[in-house]
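>>> Any chance you could fold what I've pasted below:
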Amino acid sequence: MATHGWTAPGFEGVRSVFEQNFAEGLEVGAAFTAYHRGTMVVDIWGGDANAATRRPWERATTVVVFSTTKGATAVCAHMLAAEGVLDIDAPVVEYWPEFGRAGKEAITVDHLLSHRAGLAWVDEPLTLDDALAWKPMIHALEQQRPAWEPGTAHGYHAITYGYLVGEVIRRVTGRSVGTYFHDEVAEPLGLDFWIGLPDAQERRVAPLVGGLFRGSGATDETSASMAGVFGRDSMLVKALTAGGAFRGNDIFNSRAVHAAEIPAAGGIGDARSIARMYAACIGEVDGIRLLDAARVRDAATQRTQGPNLVLMNLDLQFGLGFIVPSSIVKLGGRHSFGHFGAGGSTGWADPDAQLAFGYVMNRMDIGLAGDRRSYSLINACYDALR
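The predicted structure is shown next:
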């Protein structure tokens, strides 16, 4: 497997780790980028973008990054807060009056960003087409009663997070979250990262291999489905499918899903763009800084406590829209923050070390909180600094 791209002097060990991941059979195609003090120090890629045709992974290859998208959506919310047009401590009904039904009047924007709203799924039966159309999901969330008392516990809002935070952004700006992200984040920074992929960009997307709960070589017939393992009515299955609308192993390889705005799980981009976005959150990148230091510290301050009700009581903790260090997430210093995506993708930043990372791949693994591939690459960057 040929590794393409480059590393700055001293970071050659990152390339070695990247190649080792392939040698151990952990990858099909992947890319990794790191920034240090606002400057790119690693930008590498390799393997196959299409496992069936053996189309190589190229510099311009993009891929679905699942919940790594949540970090991009959170950045938008924090930029609006910095502008003074969004109060994160305010009740959601101040921006979205229809939201205050079924006992949700006191839910704050903070609760949405930190997965404490109790709205990790909807009970109204929706089709995938309904969910992709946006408004039916918004209507269902307006009618939904929280599964737990908001603010008293947290549970991963795997899909609904994007609709909840995204609708607040839409109400505040008059623009969809995908449009706002493109105009205010992606275009100024030159990112190849989309929440709602234009048709002209579709040919560059790498198809995903395997699924979250089955290995890359498994088939639907030989592998148990999520529902079979955890139960169709489990919190985990309901959250990962938003109540059933996103059920299916291959929907995230479809053009319809790529085109839709799914701000919690449907972002499509490359490692370079994810790393550059996080680098611009913790410092200047080519004269652009997205969030000031005080905003970053607030965003990365832990807001949740105790076990995650949805994720089988795992110790996965959240700040405002970002995952923060815990007993199962040990990357960087105590002020580090970011987000992982189902299957393994990662966006992460350490403001103390002035490091930012992006990792994407097409071989799905059980990576709701990262996995050995991204962890080994990120740790290799810290080794380079030492």
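>>> contacting residues for Glu184?
76, 79 (Cβ atoms under 8 Å, 6 or more residues apart in numbering). For the C-beta atoms, the positions are set from N, CA and C on the backbone; glycine is no exception.
>>> Report the secondary structure state of it.
Using DSSP: H, G, I helix; E, B strand; the rest coil, the structure places Glu184 in helix.
>>> gap between the two ends of stretch 246-258?
13 Å (Cα to Cα, to the nearest Å).
>>> Report the rounded mean pLDDT for it.
For stretch 246-258, mean pLDDT is 91.
>>> How far off centre is it?
Distance, stretch centre to chain centre, for stretch 246-258: 16 Å (Cα atoms, centre = their mean, to the nearest Å).
>>> Return the set of buried residues in it.
Across stretch 246-258, burial judged by 16 or more other Cβ atoms under 10 Å covers 246-247, 249, 252, 257-258.
>>> Verify the stated contact: Glu142 with Pro97.
No. With contacts counted by Cβ atoms under 8 Å, Glu142 stays clear of Pro97, the gap being 9.6 Å.
>>> Please identify which of these two sits among more neighbours.
Counted by other Cβ atoms under 10 Å, Glu142 and Pro97 do not tie: Glu142 has more neighbours, with 17 against 11.
>>> Can you pull the phi/psi pair for the more buried one?
Main-chain dihedrals, Glu142, degrees, to the nearest 10: phi -60, psi -30.
>>> again, but for Arg101
The phi and psi torsions at Arg101 (degrees, to the nearest 10) take the values phi -100, psi 160.
>>> Please report how far it lies from Arg145.
9 Å (Cβ to Cβ, to the nearest Å).
>>> Which one of these two is surrounded by more residues?
Using other Cβ under 10 Å, the more surrounded residue of Arg101 and Arg145 is Arg101, with 14 against 11.
>>> where exactly do the helices run in this protein?
With helices called from DSSP state H, the chain shows them at 12-23, 68-83, 109-113, 128-132, 135-143, 160-173, 177-181, 187-189, 226-230, 235-241, 255-259, 271-282, 293-299, 372-385.
>>> Could you check how many residues crowd around the residue lying closest to Ala239 once chain neighbours are set aside?
Once flanking residues are discounted, Ala239 sits nearest to Ala120: 4.1 Å by Cβ to Cβ, 6 or more residues apart in numbering. When neighbours are defined as other Cβ under 10 Å, Ala120 has 27 of them.
>>> and what of the one 5 residues further on?
Taking other Cβ under 10 Å as the neighbour definition, Pro125 ends up with a count of 10.
>>> correct me, but it touches Gly243?
Yes. Here Pro125 reaches Gly243: they are 7.5 Å apart, a contact under Cβ under 8 Å.
>>> For Val296, see how far away Ala120 is.
Per Cβ to Cβ, Ala120 is found 26 Å from Val296.
>>> related to what we said a few turns ago, which two among the buried residues of stretch 246-258 are spaced furthest apart?
Comparing all pairs in the buried residues of stretch 246-258 by Cβ to Cβ, the longest separation belongs to Arg247 and His258, at 17.8 Å.
>>> list the contacts for the residue lying closest to Arg101 once chain neighbours are set aside?
Of all residues not flanking Arg101 in the chain, Glu142 sits nearest, at 5.7 Å (Cβ to Cβ, 6+ apart). By Cβ under 8 Å, 6+ apart, the residues touching Glu142 are 98-99, 101.
>>> if we can go back for a sec, wait, which of the helices of the chain is closest to Ile195?
Among the helices of the chain, helix 177-181 comes nearest to Ile195, with 3.8 Å by Cβ to Cβ.
>>> Same list (the contacts of Glu142) but as TSV, adding pLDDT.
Listed next are those as TSV, based on pLDDT from 0 to 100:
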residue	pLDDT
Glu98	98
Phe99	98
Arg101	97
